[in-house]
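> turn this into a model:
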Amino acid sequence: MERKEVRILVVDDEPMMADSLKQNLVEEGYTVDTAGNGARAVELFDGSGHHVVVCDLQLPDKDMNGMHVLKHVKDTHPSTEVIVMTGYGSVERAVEATKAGAFWFLEKPFDFEVLLPLVEKALERRDLLEQTTNMRQRLATRTEYFNIIGSSKEMQTIYETIESVAKSDANVLIVGESGTGKELIANAIHYNS
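Next comes the predicted model:
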């Protein structure tokens, strides 16, 4: 995914901080929205589907603070990564945020050079999570695979093995009793290699 396609939401009640982060991220090629409170953050997030959220934990609204935003994001879009930041850091808060699904915990003040690699790593992790989810969904719904029919857990394991073996340059020996489908497996490996 190109940077211009990546949407980042910055949530901070300090306008100078939010604007500074936005400007720096936009200069790096990202599309950035900002919110000054939790309610606006949730509204923007639900309407735009951001890829990464950078959120201050200390927001003015006690009913919708940074922890609430974090939980909302992870509940509605688990693959979206959230980097939390605060000027009032403690080990307890870092642990609480991490348990709620935060990708990283930053203490203010910090240099933008610290945030940028975290955003890039968060995007990589998000992509991996989405690929894994898509693969699992594809495997779970597969009932036919190169003329091999079956959707049981055991068959899904066989399909995964076929795909894994097909990527290898090693020779494969398939053994089994007559009529068990050795030729079907061999053809599936051949067509996947």
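> what's the longest helix in this protein?
Longest helix in the chain by number of residues (criterion: DSSP state H): helix 112-141.
> just checking, what packs against that helix?
helix 15-27, strand 52-56, strand 81-86, strand 104-107, helix 153-166 (3 or more C-beta pairs under 8 Å, 6 or more residues apart in numbering; DSSP states H and E). Every C-beta, even on glycine, is put in place using the N, C-alpha and C of the backbone.
> need the contact partners of the shortest one.
Going back to what we said before, that points to strand 104-107. 83-87, 89, 93-94, 97-98, 114-115, 118, 122 (C-beta atoms under 8 Å, 6 or more residues apart in numbering).
> can you check stretch 163-178 too?
So stretch 163-178 is in contact with Lys182, Ile185, Ala186, Ala188, Ile189, His190, Tyr191, Asn192, Ser193, going by C-beta under 8 Å, 6+ apart.
> one more: stretch 108-116?
With C-beta under 8 Å, 6+ apart as the criterion, stretch 108-116 contacts 17, 20-21, 24, 28, 54, 56, 83, 85-87, 89, 106.
> ditto for stretch 64-84
Everything outside stretch 64-84 that qualifies as a contact, by C-beta under 8 Å, 6+ apart, is 11, 37-39, 41-42, 45-46, 49-59, 86, 96-97, 100-106, 115, 118-119, 122-123, 125-126, 129-130, 133.
> give the ChimeraX command for selecting the buried subset of those residues.
Selection of buried members from these for ChimeraX, criterion 16 or more other C-beta atoms under 10 Å:
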select :11,37,38,41,42,45,50,51,52,53,54,55,56,57,58,59,86,96,97,100,101,102,103,104,105,106,115,118,119,122,123,126
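> so what are the domain limits for this protein?
3-135, 142-192 (automatic domain parsing).
> among those, show me which one is buried the most.
domain 3-135 (a mean of 17; mean count of other C-beta atoms under 10 Å).
> run the chain-centre distance for it.
A distance of 12 Å separates the centroid of the chain from that of domain 3-135, by C-alpha atoms, centre = their mean, to the nearest Å.
> can you tell me which of the domains of the chain the model trusts least?
Note on these: domain 142-192 shows the lowest mean pLDDT, a mean of 85.
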